[in-house]
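S.K.: My questions are about this predicted structure, shown below with the sequence.
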There are 2 protein chains.
Amino acid sequence: MFPKNTYVNRRNTLKQTLKSGIILFPGNGESSMNYADNWYPFKQDSSFLYYTGIDHIPDLYFLINIDTGEEILFGNNATPEEKVWIGSAEKLESFAEKSGFSTVKPLDQVASYLKTQVAKGQQVHYLPPYRSAQKIAISELLDIPIQEVEAKKSVALIQAIVTQRERKSAEELVQLEEAVNITRKMHEYAIINTKAGMTEMQMAGTLNGIAVSGGGGLAFPIILTKDGQYLHNHATTAVLSEGDLVLCDCGAYNTMGYGGDMTRTFPAGKTFSPLQKDVYNIVLNAHESAIDALKPGTRFKDIHLLASKKLVEGLTDLGLMKGDADEAVAAGAHTLFFQCGLGHMMGLDIHDMENMGEQYVGYTPELKKSTEFGLKSLRLGKELQEDFVLTVEPGLYFNPFLIDERRAQKKYMDFVNYDEVEKFKSFGGIRVEEDFVITKDGSKLLGEPLAKTPEAIEKLRNN
Amino acid sequence: MFPKNTYVNRRNTLKQTLKSGIILFPGNGESSMNYADNWYPFKQDSSFLYYTGIDHIPDLYFLINIDTGEEILFGNNATPEEKVWIGSAEKLESFAEKSGFSTVKPLDQVASYLKTQVAKGQQVHYLPPYRSAQKIAISELLDIPIQEVEAKKSVALIQAIVTQRERKSAEELVQLEEAVNITRKMHEYAIINTKAGMTEMQMAGTLNGIAVSGGGGLAFPIILTKDGQYLHNHATTAVLSEGDLVLCDCGAYNTMGYGGDMTRTFPAGKTFSPLQKDVYNIVLNAHESAIDALKPGTRFKDIHLLASKKLVEGLTDLGLMKGDADEAVAAGAHTLFFQCGLGHMMGLDIHDMENMGEQYVGYTPELKKSTEFGLKSLRLGKELQEDFVLTVEPGLYFNPFLIDERRAQKKYMDFVNYDEVEKFKSFGGIRVEEDFVITKDGSKLLGEPLAKTPEAIEKLRNN
């Protein structure tokens, strides 16, 4: 945990912004796999964690009653019999002390407390729940039909929290640096040790182990695949062969719950083919151009479009595209090869605060999130501020289904040389991803640098 | 998947047992960690898997309308745009064909189908849901208040499924053997490679990797701890030291979703201390006695009590207990050191079918599950039958909280030498666990044998 004052101050700031009412934070419970007592690894809700620092304990609530000044942690201590199973559990009172709460109450008093206060006319603010168990709980606690729980979320609370959490403090940056370094270790291991003949899962399993050993486990399901053209293709039992490109996108939490998220693409054999190297360098050039553009006051959407233009220019040199690059990007022709966004905020969540809604986290009332193919997958569009932490992850993805579909639709005919593109239908996909913090006048890479040029990657593989 | 006929026959058997009505099986959906799109590894519902063989696809339903003879798979194929993210997905029609379903319908028709049939007076059977998302779904589909969903489960369906799934077929035993061998590999790796100075998580992470590489991932959270006296103590950042006993309880699914579950206890240093070896041999003797007693027609509860008696006899020789062993077990005095059950059924779930209720899976209308401390944690009590698959896992756990509590309560004074027991309050815990299939006249170990005596374990560690 951070020092007590961190949490006290965070809650005070939130109170000052919201001004009145009750703020209710349900912590996460255990999540059942295939029967009630068989659990996935516990993951605390990230806002609960941000305002309390209390992790690893399921079934807690805390609330802030701004009007009375009360801050209450609700939960149950282990019974003597439960200690047979879990040993000596630190008492909730001890966590409350470290987190600056003066009051701890049993879990079953949340309902009566809220009922009393709602009857007095107090408004209860809550975040939109992303787990069904929380939906049911809020429905029961606040007597709201389940179907209306989402709609009755507090937009004021979302906005207040986003404003607080989007800029990372110095102590958070230390944690993020650590998480990215665990992540970096996974990637370095993969680049050095992946061999043709292995299955995707064999290497993914080992990387999973490195993440768990790092103390916080996997931040998201590992993508490690020779089919990197499919953006969410998780590791399978497919065998990696000489000539394949391996796209590895993975990351770890550190023990404090902060995450890292990187991608490297490398050959399953010893070297990239000349063509693979050419395409890789187009992606790398877009990546470097985007990094150069990172600074406070610049809209990330514009950097996304800049990177898209760099991709188009590279593909034009390669003969796959044609015409004016700006016009091609305006027409969306780049989305044939770059179907997603350039990056996203990162923090206690890999897509930071995504549970609150992408419009609230990555956009503004003036800058709405687009609904167009391509841009609708850009999670961050708004102006950057100092201390934002984000990923930069351009890529080129030669998806045969999409190529066939767009050609059949006669889309982008002025910008795409489909006959040339046909030759890339089994090329695969390439992505390069790193994590950055926005500084006063630019950006800083998080974590130690890791081989990024084709030459540096080949050197690491053949050491 | 098994051959089509396996699934067709399984469903036919179920229909013949239930005779009328609709049987509704909701498949599992994705389970969100900290925002909607960040998922834990997908785990299919095990009954859904048993009757269809369809894994890895979230948000499916299937139903059997016994009265009309219909068998329908409900789900949605990937849209062209979804293929951007996931690539070429095998069509549901193809899975339906392999599973012997003649009809596939879009997901949104489940509700209307059920509504029509319920209006006609048909009864809908469903299993008690163990995930909140399924609770909400059943509540909405069948118009049952959420609080009543559990109570309206179909006991007839539970009993029919338990009768079918509890005896494993030859083709299932091949799968279980494979799962246990992946599990065995994890344990062998841990015994050979765990070193004093490592954290518990460091080794647990590596074992996690072996499980994922095996194709099915972890079957349950890894217990790897120097504090084995706490039964559900998962791996932490604690450092293993010379002199510690390391208790490792872990297991993997194979690619078909069958699980393995083993435990070994070994020294963090090179050798067991003489006292550790003595206590280990008490557990091992109970373990071997239980295995010798496994055969059709014997109640597992009696084998549990037999193993408990062997533990008491060993502890008496060691000076920790006294008096008549049978009387000690009858008084529950052994539960000071052996607080849980001797084993449980295993199959597509590690605690097989536990989602349906332990009374229905492990007991009978004549043999009710006990509510006493100790016996209430015995998941399997009833008579064994040929082709049952189960674990045998006696242990001795020196839990300081429980020792203090029982001594303060003056419990078991006729059977326990508390002054001697005091000396064991930092001893730790020892468990030995293997998996067996019940044969015509005894039992057979699943998986290749793995070092089990203190001497064999020391040899493996010092190779």
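M.R.: Yep, it's here.
S.K.: When you work out contacts or count neighbours from here on, use the C-alpha atoms and nothing else.
M.R.: Fine.
S.K.: Okay, now the sheet partners of the helix or strand containing A:F62, with direction.
M.R.: Using DSSP states H and E, the element containing A:F62 is strand A:61-65. Strand pairing for strand A:61-65, using DSSP bridges, gives strand A:22-26 (antiparallel), strand A:70-74 (antiparallel).
S.K.: what is the mean pLDDT for it?
M.R.: The average pLDDT within strand A:61-65 is 98.
S.K.: which residues are contacting that strand?
M.R.: A:15, A:20-27, A:48, A:70-75, A:107, A:110 (CA atoms under 8 Å, 6 or more residues apart in numbering or on different chains).
S.K.: If you count neighbours, what's buried in it?
M.R.: A:61-65 (16 or more other CA atoms under 10 Å in any protein chain shown).
S.K.: can you check stretch A:313-330 too?
M.R.: A:313-316, A:320-322, A:325-326, A:328-329.
S.K.: got it, and stretch A:437-454?
M.R.: A:437-439, A:443-447, A:450, A:452, A:454.
S.K.: and what of stretch A:249-264?
M.R.: In terms of neighbour count (16+ other CA under 10 Å), stretch A:249-264 has its buried residues at A:249-264.
S.K.: Now look at that stretch and say if it contacts chain B.
M.R.: No. Against chain B, stretch A:249-264 shows no contacts by CA under 8 Å from any CA of the partner chain, the least distance being 9.3 Å.
S.K.: Report how far apart the opening and closing residues of that stretch are.
M.R.: End-to-end distance for stretch A:249-264, by CA to CA, to the nearest Å: 7 Å.
S.K.: residues making contact with it?
M.R.: For stretch A:249-264, contacts defined as CA under 8 Å, 6+ apart pick out A:1, A:175-176, A:178-184, A:186-187, A:211-212, A:214-224, A:247-248, A:346-350, A:391, A:393, A:431-435, A:452.
S.K.: Which of the residues you listed are buried? Put it as a ChimeraX command.
M.R.: Filtering those down to the buried ones (16+ other CA under 10 Å) takes a single ChimeraX command:
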select /A:175,176,178,179,180,181,182,183,184,186,187,211,212,214,215,216,217,218,219,220,221,222,223,224,247,248,346,347,348,349,350,391,393,431,432,433,434,435,452
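S.K.: Low-confidence regions, chain A specifically.
M.R.: Low-confidence regions of chain A, defined by pLDDT under 70, span residues A:88.
S.K.: care to break it down by domain?
M.R.: As recorded under automatic domain parsing, the domains making up chain A are A:4-165, A:170-461.
S.K.: Now do the same contact list for A:I403.
M.R.: When the contact criterion is CA under 8 Å, 6+ apart, the partners of A:I403 are A:336, A:421-422, A:425.
S.K.: likewise A:I66?
M.R.: Under the criterion of CA under 8 Å, 6+ apart, the contact partners of A:I66 comprise A:15, A:19-23.
S.K.: again, only this time at 7 Å
M.R.: Listed by CA atoms under 7 Å, 6 or more residues apart in numbering or on different chains, the contact set of A:I66 reads A:15, A:19-22.
S.K.: Then A:L306?
M.R.: Counting by CA under 7 Å, 6+ apart, the residues that A:L306 touches are A:A290.
S.K.: in chain A, which spans are strands?
M.R.: Taking DSSP state E to define them, one finds strands in chain A at A:22-26, A:61-65, A:70-74, A:103-105, A:124-125, A:223-225, A:245-250, A:262-267, A:389-392, A:395-397, A:429-431, A:434-438, A:443-445.
S.K.: Kindly export the first one (C-alpha atoms) in PDB.
M.R.: The C-alpha atoms that make up strand A:22-26 are tabulated as PDB, following Å, rounded to 0.1, in the frame of the first residue of the first chain:
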ATOM      1  CA  ILE A  22     -23.100   9.100  -0.900                       C
ATOM      2  CA  ILE A  23     -20.500   7.500  -3.000                       C
ATOM      3  CA  LEU A  24     -20.800   3.700  -3.000                       C
ATOM      4  CA  PHE A  25     -17.800   1.500  -4.100                       C
ATOM      5  CA  PRO A  26     -18.500  -2.300  -4.200                       C
END
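S.K.: Show residues contacting it.
M.R.: Applying CA under 7 Å, 6+ apart, the set of residues contacting strand A:22-26 from outside is A:48, A:60-66, A:122-126.
S.K.: I'm done for today, thanks for sticking with me.
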